[in-house]
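J.: How does the following fold in three dimensions:
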Amino acid sequence: MSRSDAIRPRRSEAGFTLVEVIVALAILSAGLSVLLGMISGGFLRTSSAERMMEAGSLTQSLMAEIGTEFPVKADERAGEFAAGYRWHLKMQPYGSGNGTEEGPVGLYEISTEVQWEEGTETRFLQLKTLRLGPKASRQ
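T.: As a prediction, the model looks like this:
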């Protein structure tokens, strides 16, 4: 090796230029932004699903109380559960209602609804069913 070879810089040195490092960091930050947005959205959807599941459980619980806690008759009630859930119960005679049916038993349409606030929106879950009960008296 001569003295002139030692002074000349080597062209085969490996490494990244500043521009390559900046581009790599920009790509990494864009990728992380997308990934964190997806994770955040997943948490919001999970929270929403949990609230919907709790509302479904409360609505079914309210429906199960009909006939025991709430007698089957033409009636409308409302109230609140814990954690900001509001409920509404409506029972009304089902069918034509002309009173020509024979017997002491009538068919009722039962509607239960649970509402809650989620962000700026009001969400609700409603269940409807038919139940037998004492025939509504017509006057």
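
J.: hey, where'd the strands end up in the protein?
T.: 75-80, 86-93, 105-118, 121-134 (DSSP state E).

J.: centre of the chain versus the last one, how much separation?
T.: Shown here is strand 121-134, whose average C-alpha point lies 18 Å from the average C-alpha point of the whole chain (CA atoms, centre = their mean, to the nearest Å).

J.: what does that strand contact?
T.: 51-52, 55-56, 59-60, 63, 66-67, 71-73, 91, 94, 104-117 (CB atoms under 8 Å, 6 or more residues apart in numbering). Any C-beta I mention is one placed from the backbone N, CA and C, and that applies to glycine too.

J.: For Glu105, which non-adjacent residue is spatially closest?
T.: No Glu there; residue 105 is Val. Leu132 (5.3 Å; CB to CB, 6 or more residues apart in numbering).

J.: hang on, Tyr108 packs against Pro93?
T.: Yes: between Tyr108 and Pro93 there is a contact under CB atoms under 8 Å: 6.0 Å.

J.: any shared contact partners between the two?
T.: With CB under 8 Å, 6+ apart as the test, Tyr108 and Pro93 both reach Ala74.

J.: Looking only at neighbour counts, state which of those two leads.
T.: Tyr108 (24 against 17; other CB atoms under 10 Å).

J.: what's the more buried one in contact with, if anything?
T.: Taking CB under 8 Å, 6+ apart, one finds Val72, Lys73, Ala74, Met91, Gln92, Pro93, Tyr94, Leu130, Arg131, Leu132, Gly133 in contact with Tyr108.
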